[in-house]
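Novice: Just the structure for this:
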Amino acid sequence: MSDGLTQTVIAMDLVPFRFGPDATSELPFELERLGARRVLLVADRALRPHGLVERVERLIADTGAEVVTFDQVHIEPTDRSLREAIAFAQRIQPDAYVSLGGGSTIDTAKAMNLFTTYPADLFDYINKPVGRGMPVPGPLKPHIALPTTAGTGSETTAVIALELVDRRLKTGISHRFIRPTMAIVDPLNTVTCPPMVTAFAGLDVLCHAIESYTAKPYHVRPRPASPAERPAYIGANPIADLWSAQAIRWGAQYLRRAFFAPLDLEARTFMAMASLTAGIGFGNAGVHVPHAMSYPIAGMVREYFPPDYEVDEPLIPHGLAVIVGAPAALRWTAAAWPERHAEVAAMLGIDTHGIPLREAAEAVADGLLQLMRDLGLPSGLEALGFSERDIPALVEGTLAQQRILVNSPRPVDERALRAIFQQAMRYW
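Specialist: Numbering: from 1, shown residues only. So this is what the prediction gives:
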């Protein structure tokens with residue numbers, strides 16, 4: 001920090017994007033513009049039966065570029081899966097990357113690009129205090145991301161999420177150079193997304209937007225010593241608010257429709273747009289307590305197998321890990337900034353007229369709980385296999401996510417987290 005002052009500058013790095021039905025067809029033009037000649041396609045193998053992988057392979061080949069496909073992406077990347085993917089990329093040495101899939105696929109491609117361009121130990125770039133948090137030395141190779149879920153917003157963000165298997169802890173790598181070069185967001189690529197994948201991804205959209213809108217404001221955070229040390233997440237600000245607020249409205253209006261009617265193209269289109277705009281908002285302002293809680297929740301999974309996921313090991317998908325703690329966390333943060341939380345409640349479609357401010361602020365939690373019930377989600381952490389005996393470890397894992405917790409509008413400590421996890425054990 002320099003001279004004890006707070007931030008006065010809003011810094012926003014936007015990923016250029018192409019959005020709309022059949023936007024995928026513009027991939028060859030963008031690759032040719034970037035001069036790509038040896039392309040590594042990182043794809044979710046579950047998309048092969050739908051013809052999406054083959055289509056993108058053809059589009060890349062149509063440019064005259066060589067294309068090599070990696071489709072061994074691990075759902076929710078781990079340190080082990082990323083090391084294997086990075087080793088593959090280092091053998092291929094591509095001059096450009098294309099990712100086709102959800103957040104796991106896009107994050108895997110980000111990691112392959114980072115560690116192939118600037119080789120290092122995995123922990124060198126992992127955020128402190130878990131890793132050494134070294135800055136990325138410079139720009140990466142071109143990376144065009146084509147998301148096939150409406151959820152993570154990874155196509156716009158500067159973050160790689162991963163699980164450390166032996167430590168049963170989820171963590172991340174964040175730096176502005178990690179952002180993809182371009183996002184091509186085609187709602188038609190999401191229509192094959194199964195219902196529960198749609199639900200978990202869509203709830204992640206809402207949490208991204210809600211957390212960024214209610215994050216600690218940028219102007220009360222310490223000013224970095226230099227622009228180079230500015231964090232990827234700077235706190236809530238008027239520019240990020242525009243993106244986040246609209247994402248909340250669209251998510252509240254269209255998620256149920258996309259879940260119950262998978263071929264509703266209007267709903268799919270607006271959910272894809274919500275994911276993109278939420279990604280821009282939270283990719284700048286950041287997230288806070290619910291996402292910090294999600295890391296140990298996902299990392300400590302024992303026996304839960306999510307519906308609609310083709311996995312052979314227990315898994316708590318990221319969106320589920322976030323939403324299961326969000327009602328309790330947001331009820332707790334509402335005290336610090338009730339005005340902003342009440343605005344979110346109204347964006348969710350809750351009639352807050354004539355309601356006392358604090359009650360309106362806490363209605364955010366009630367709105368999310370109703371959405372969880374409507375979509376058939378588990379009723380809390382107990383339904384995922386946790387008990388009160390797990391709370392100390394969950395708290396410890398959450399406190400390790402300091403790059404996220406500094407964004408909380410209310411100071412977070414061990415006692416507060418214990419109470420939040422206790423409330424999240426069972427909602428109904």
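
Novice: now the helices for the stretch 101-250 of the chain?
Specialist: Using DSSP state H, counting those that start in this stretch, the helices of the stretch 101-250 of the chain run over 103-117, 122-125, 195-213, 238-260.

Novice: OK, contacts around the residue nearest to the spatial centre of the chain?
Specialist: Per Cα atoms, centre = their mean, the C-alpha nearest to the average position across the chain is that of T152, at 3.6 Å. By Cβ atoms under 8 Å, 6 or more residues apart in numbering, the residues touching T152 are 102-103, 106-107, 201, 204, 275, 279, 318. C-beta coordinates here come from the backbone N, C-alpha and C atoms, glycine included.

Novice: let's see 10 Å
Specialist: When contacts are counted by Cβ atoms under 10 Å, 6 or more residues apart in numbering, T152 is found next to 102-107, 159, 161, 201, 204-205, 208, 275, 278-279, 318-319.

Novice: Please apply the same query to D95.
Specialist: 34-40, 65-66, 141-142.

Novice: follow-up on the earlier one: tell me the phi and psi of the residue nearest to the centre of the chain?
Specialist: phi -70, psi -30 (degrees, to the nearest 10).

Novice: can I get the CA coordinates of the helix or strand bottoming out on mean pLDDT in the chain in PDB?
Specialist: For the chain, scoring each helix and strand by mean pLDDT, DSSP states H and E identifies strand 169-174 as the least confident one, at a mean of 88. C-alpha atoms of strand 169-174 as PDB (Å, rounded to 0.1, in the frame of the first residue of the first chain):
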ATOM      1  CA  LEU A 169      -8.900 -27.700  -0.700                       C
ATOM      2  CA  LYS A 170     -10.000 -25.600  -3.700                       C
ATOM      3  CA  THR A 171      -8.000 -22.500  -4.600                       C
ATOM      4  CA  GLY A 172      -7.100 -20.400  -7.600                       C
ATOM      5  CA  ILE A 173      -4.800 -18.500  -9.800                       C
ATOM      6  CA  SER A 174      -5.700 -14.900 -10.800                       C
END
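
Novice: hang on, P262 packs against P194?
Specialist: Yes: the pair P262 and P194 passes the contact test of Cβ atoms under 10 Å, sitting 8.0 Å apart.

Novice: Comparing these two, which shows the higher neighbour count?
Specialist: Between P262 and P194, counting by other Cβ atoms under 10 Å, P262 is the more crowded of the two (17 against 13).

Novice: dump the residue contacts of that one.
Specialist: 190-195, 198, 268.

Novice: With S379 instead?
Specialist: Residues in contact with S379 (Cβ under 10 Å, 6+ apart) are 324, 369, 372-373, 425-428.

Novice: just checking, which of the residues you listed belong to helices?
Specialist: Mapping these onto helices (DSSP state H) picks out 369, 372-373.

Novice: Most neighbours among these, which one?
Specialist: M372 (22 neighbours).

Novice: quick one on the thing from earlier: now render the contacts of S379 as JSON lines, adding distance to F123 and pLDDT.
Specialist: Listed next are the contacts of S379 as JSON lines, based on distance: Cβ to Cβ, whole Å; pLDDT from 0 to 100:
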{"residue": "V324", "distance to F123": "28", "pLDDT": "98"}
{"residue": "L369", "distance to F123": "38", "pLDDT": "98"}
{"residue": "M372", "distance to F123": "35", "pLDDT": "98"}
{"residue": "R373", "distance to F123": "41", "pLDDT": "98"}
{"residue": "M425", "distance to F123": "33", "pLDDT": "98"}
{"residue": "R426", "distance to F123": "36", "pLDDT": "98"}
{"residue": "Y427", "distance to F123": "36", "pLDDT": "98"}
{"residue": "W428", "distance to F123": "41", "pLDDT": "96"}
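
Novice: Just the buried subset of the contacts of P262, written out for ChimeraX, thanks.
Specialist: Buried subset of the contacts of P262, written as a ChimeraX selection, criterion 16 or more other Cβ atoms under 10 Å:
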select :190,192,193,195,198,268
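
Novice: closest to L399 among the contacts of P262?
Specialist: Using Cβ to Cβ, T198 is the member of those that sits closest to L399, with 32.1 Å.

Novice: That closest one is in contact with A258, isn't it?
Specialist: Yes: assessed by Cβ under 10 Å, T198 is found in contact with A258 at 5.4 Å.

Novice: Overlap in contacts, the two.
Specialist: Joint contacts of T198 and A258 (Cβ under 10 Å, 6+ apart) are 150, 190-191, 267-268, 271.

Novice: quick check, nearest of these to E303?
Specialist: A150 (28.2 Å).

Novice: quick one: the strands in the stretch 251-400 of the chain?
Specialist: Taking DSSP state E, counting those that start in this stretch, the stretch 251-400 of the chain contains no strands at all.

Novice: Next, please give the residue ranges for the helices of it.
Specialist: 265-285, 289-299, 318-323, 326-333, 338-347, 357-374, 391-399.

Novice: As a markdown table, those helices with distance to M112 would be great.
Specialist: Formatted as a markdown table, the helices of the stretch 251-400 of the chain follow (distance: least, Cβ to Cβ, whole Å):
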| stretch | distance to M112 |
| --- | --- |
| helix 265-285 | 20 |
| helix 289-299 | 22 |
| helix 318-323 | 19 |
| helix 326-333 | 31 |
| helix 338-347 | 36 |
| helix 357-374 | 34 |
| helix 391-399 | 26 |
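
Novice: Of those helices, which is nearest F70?
Specialist: Taking the helices of the stretch 251-400 of the chain one by one with Cβ to Cβ, helix 318-323 is closest: 20.8 Å.

Novice: That closest one - contacts with which helices or strands?
Specialist: For helix 318-323, the packing partners by 3 or more Cβ pairs under 10 Å, 6 or more residues apart in numbering; DSSP states H and E come out as helix 103-117, helix 195-213, helix 289-299, helix 357-374.

Novice: Could you rerun that using 6 Å?
Specialist: helix 195-213, helix 289-299 (3 or more Cβ pairs under 6 Å, 6 or more residues apart in numbering; DSSP states H and E).

Novice: Could I get the ones you listed in TSV, plus columns for mean pLDDT and distance to R83?
Specialist: What follows is the helices and strands packed on helix 318-323, written out as TSV (pLDDT from 0 to 100; distance: least, Cβ to Cβ, whole Å):
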stretch	mean pLDDT	distance to R83
helix 195-213	97	25
helix 289-299	95	17
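
Novice: just for the stretch 1-150 of the chain, where's the confidence low?
Specialist: Applying pLDDT under 70 to the stretch 1-150 of the chain flags residues 1-4.
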